[in-house]
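>>> Pasting the sequence and the predicted model now:
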Amino acid sequence: VTRAIVDTPQFQRLGQLKQLGVVTNVYPTATHTRKEHSLGVCKLAENMCKHLQENQPELNITNKEVLCVKIAGLCHDLGHGPFSHGFEGFLQKNKNNAENASKSSALYEKAKWCHEHASLMMLEAALAYLGLAMDMKNPHKPLKQIPTKSENQISPANFRVAGSTDPNSILTTNDFIFIQECILGGPRHGGMEFQGRPEKEFLYDVVSNRHSGLDVDKIDYFSRDSQRTMGAPHPKDDIFTIEARVARADCPRPEKCFQCKHKRHPGKHLMICYPKKCVKKARKFFEFRPYLHSEVYTHKNAKAADIDVMNMLQMADPYYPIKTSTPGKILPISKAMNDPSAYLQLTDSILDQIKVYAQHKEWDGSEKFLEAHERYSARKLTKFVYEVSTDEHPISTELRWNEEEKQEITNGVLKECYEEIDPSSITIEFLNIHQGRGKDDPVKFMRFVDRSECKSARAGQILEATQFPGNRNGPFQERRIRLFTRHSKDIDKLKDAFRRWFDSSAKFNSAVSSFDEVDMGPFQVTQDSELDDDDETSY
């Protein structure tokens, strides 16, 4: 089954997506792909499930369930766009300008973007390539056969646990609902309960752990990314596989939990827990996350390259058409993720494809795109100017960290400049670097059991796990405000202007006690920050 999915175009596309996107501009060896990462997560998911299956037979984990979680690990990144998470920033920026954009081009359609749901869409497209489809009217029966142009058509009866002749080993629609829920780390379509395996909710912790955030996805990319960038790999942390134990414990995040947030008292969950001896190892694991983000994912030159790539996509978006499998239907880049046949074409080669298109068909701004592409190819990247961080500067804790505040900073810096500077040449970036749970200690969201209890537990006994009592003082989160410019000649002027602006801004600088000298300008406070405290962007 996994081999059949691997051979689909939807999975093979991941081989054309670098895991770290434009980070190759900083670390030339960071050429590993999402395909490699997905295969690694698939193997780790299988290992963890088999460990639980062998060491806790009372959980009744079947071989089919091991296969389902394995498939979830294999397919969890099918919905990723090109250039890693920078593509999501491009989509967000396009969404903010959706009304103006829709007036300027007939290519635009209303659309909603959800990275996880894009993975579900591409998984269903992979099944369709194999001549299979989920049958929601008969969820407990094998997948239904559908017509396909592919020569790789598979009979639903053969989509089963390898080597088994048991009819119950055939994968059903309900099994693929379970797989999709494992990818999401929660119910499909915003539901209130799991559908696939509600009685075995601990299996959902393997690929996307909604409780602690410690899952096989992070275990793989922490190790793989550090090895391919800095040469010294973070260990694969097999301890989190061989020491995993399912126990019952209080919900660590009742305010976020889809099952507990509407209840008066937090519920208990069967979840993956660890012996208390793993606390120190868990702390080291989570502490490695901000190090990776600071040194690799948000490196100033990587973010500069990211800005240039997203600007090029923005230039081409209203004009570069992407064909779909529906005759006559075309979509812009920013809407391709709504159609699996169009999304299949979005790989890291998209900029080169647009370049060829621009060379043969002019559009309003095609020359600017070609100039930008030439600069990027020659590594004449946007320039880093200056940054302030909560570790070193008195940044206000009352900020919303949204687009309106970015515009306020831009206006404030330009106002402090003694010379006129093109506003479109500068970019403000907000960074939110933390250990996995925003301003909180991520270890407090894990649950632990006593080793002695594990050894003395009766056969079939489900242990109770608790929160580790020791607290560690933070901070566990750092926020940064960065300024970039497209022109080297403006760096010194903008750096001085940025410093003057920050030193006099009562809204952004908590050391300034008066708003008298600050021009706030019109802005709208949104309900939720665009950089949520527990944002868990994973690479």
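Perfect, I can see it now. Numbers count the residues shown, from 1 in each chain.
>>> Strands of the stretch 301-450 of the chain, start to end?
Along the stretch 301-450 of the chain, counting by DSSP state E, counting those that start in this stretch, strands occupy 322-323, 330-331, 383-389, 426-434, 448-449.
>>> Which one, of those, ends up nearest to Ala244?
The stretch from these with the least distance to Ala244 (CB to CB) is strand 448-449; that distance is 10.8 Å. C-beta here means a position set from N, CA and C on the backbone, and glycine is covered the same way.
>>> who does the closest one touch, helix- and strand-wise?
When contacts are defined as 3 or more CB pairs under 8 Å, 6 or more residues apart in numbering; DSSP states H and E, strand 448-449 packs onto strand 268-275.
>>> Could you list every helix and strand that whichever helix or strand comes after the strand it packs on packs against?
Going down the chain from strand 268-275, the next helix or strand is helix 279-292, by DSSP states H and E. Where contact means 3+ CB pairs under 8 Å, 6+ apart, helix 279-292 is packed against helix 216-230, helix 239-242, strand 426-434.
>>> who touches helix 279-292?
214, 218, 222, 225-226, 234, 237, 239-240, 274, 433-436, 442-443, 446, 448, 468, 470, 472, 478, 539 (CB atoms under 8 Å, 6 or more residues apart in numbering).
>>> Would you mind putting the CA coordinates of it into PDB?
The C-alpha coordinates for helix 279-292 follow below in PDB (Å, rounded to 0.1, in the frame of the first residue of the first chain):
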ATOM      1  CA  VAL A 279      12.200  14.900  31.500                       C
ATOM      2  CA  LYS A 280      15.800  16.100  30.900                       C
ATOM      3  CA  LYS A 281      15.800  14.600  27.400                       C
ATOM      4  CA  ALA A 282      12.500  16.300  26.600                       C
ATOM      5  CA  ARG A 283      13.800  19.600  27.700                       C
ATOM      6  CA  LYS A 284      16.800  19.300  25.500                       C
ATOM      7  CA  PHE A 285      14.600  18.300  22.600                       C
ATOM      8  CA  PHE A 286      12.400  21.400  23.000                       C
ATOM      9  CA  GLU A 287      15.300  23.700  23.600                       C
ATOM     10  CA  PHE A 288      16.800  22.700  20.200                       C
ATOM     11  CA  ARG A 289      13.700  24.100  18.400                       C
ATOM     12  CA  PRO A 290      14.500  27.900  18.900                       C
ATOM     13  CA  TYR A 291      18.100  27.200  18.100                       C
ATOM     14  CA  LEU A 292      17.100  25.700  14.700                       C
END
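>>> now it: mean pLDDT?
What helix 279-292 shows for mean pLDDT is 93.
>>> repeat for stretch 388-398
89.
>>> Which residue is the nearest non-sequential neighbour of Ile421?
Asp490 (5.7 Å; CB to CB, 6 or more residues apart in numbering).
>>> That neighbour contacts Ser425, doesn't it?
Yes. With contact defined as CB atoms under 8 Å, Asp490 counts as touching Ser425 (7.0 Å).
>>> quick one: which of the two has more around it?
Ranked by neighbour count (other CB atoms under 10 Å), Asp490 and Ser425 place Asp490 first, with 19 against 14.
>>> follow-up on the earlier one: which members of the contacts of helix 279-292 are classed as buried?
By neighbour count, with 16 or more other CB atoms under 10 Å, those hold 214, 218, 222, 225-226, 234, 237, 239-240, 274, 433-436, 442-443, 446, 448, 468, 478, 539 as buried.
>>> got any ranges where the stretch 151-300 of the chain has weak pLDDT?
233-237, 264-265 (pLDDT under 70).
>>> try it again with 80
Applying pLDDT under 80 to the stretch 151-300 of the chain picks out residues 190-191, 232-238, 262-266.
>>> Repeat that for the stretch 1-150 of the chain.
Where the stretch 1-150 of the chain drops to pLDDT under 80, the residues are 93-116, 150.
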